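Enquirer: Need coordinates for the below:
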Amino acid sequence: MKSINLNKIKDKVLKFISTQESLKDIEPIQWSKDVLSGKKKVVVYNSNTKKEGIYMNENIMNKTGFKKEVELVKNNICPFCNTQIRLEDFRGAISLKEFTISGLCQDCQNDLFD
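Expert: The predicted model follows:
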């Protein structure tokens, strides 16, 4: 298992908010009786596209002090090194999945996860 290089994020200013505050604008899904009873399954697809360039919960990230980083990721720019994100640079599915979570390019993922 990879470890996290905390030196990469030591200078970030963090704002802590409660779970209640971070979820206040989230509306619960109204599942059907068939889903709730287990008769039907739910498949969740990510409807975001490469053009949109952002997959994280913008609302939570903005409230916790990451507005600048959110804007960078929206423009397909790595929030750590400010380089343009190119999907072909990712090594595989795991790195691409991490990008959808953090917005980090492959090089910054390599630096952050030893």
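Enquirer: okay, CA-based contacts and neighbour counts for the rest of this
Expert: Will do.
Enquirer: burial measure for residue 25, as a count.
Expert: 10 (other C-alpha atoms under 10 Å).
Enquirer: again with residue 7
Expert: Residue 7, neighbours per other C-alpha under 10 Å, totals 9.
Enquirer: Use 41 as the first number for this chain going forward.
Expert: From this message on, residue numbering opens at 41, which makes the last subject residue 47.
Enquirer: how much space between it and residue 151?
Expert: Distance, residue 47 to residue 151, using C-alpha to C-alpha, to the nearest Å: 10 Å.
Enquirer: shouldn't residue 130 be in contact with residue 138?
Expert: No - Residue 130 is beyond contact range of residue 138, at 9.9 Å (criterion: C-alpha atoms under 8 Å).
Enquirer: Which pLDDT value belongs to the residue at minimal distance from the centre of the chain?
Expert: The chain has residue 141 as the residue nearest its centroid, 2.5 Å off, counting by C-alpha atoms, centre = their mean. We have a pLDDT of 82 for residue 141.
Enquirer: gap between the worst-scoring helix or strand of the chain on mean pLDDT and the chain center?
Expert: Least confident helix or strand, the chain: helix 98-103 with a mean of 78, by mean pLDDT, DSSP states H and E. With C-alpha atoms, centre = their mean, to the nearest Å as the basis, helix 98-103 stands 11 Å off its chain's centre.
Enquirer: And for stretch 117-134?
Expert: 13 Å.
Enquirer: Against residue 98, how distant is the residue nearest to the centre of the chain?
Expert: 11 Å.
Enquirer: any idea which helix is longest in the protein?
Expert: helix 133-142 (DSSP state H).
Enquirer: Tell me the buried residues in it?
Expert: Burial within helix 133-142, assessed by neighbour count using 16 or more other C-alpha atoms under 10 Å, is assigned to 135, 136, 139, 140, 142.
Enquirer: Output the below-cut-off pLDDT ranges for the chain.
Expert: Scanning the chain with the threshold set as pLDDT under 70 gives 41-42, 82-97, 154.
Enquirer: which SS class is the residue nearest to residue 99 when sequence neighbours are not counted?
Expert: Excluding its sequence neighbours, the residue lying closest to residue 99 (C-alpha to C-alpha, 6 or more residues apart in numbering) is residue 62, at 7.9 Å. Of the three states, residue 62 takes helix under DSSP: H, G, I helix; E, B strand; the rest coil.
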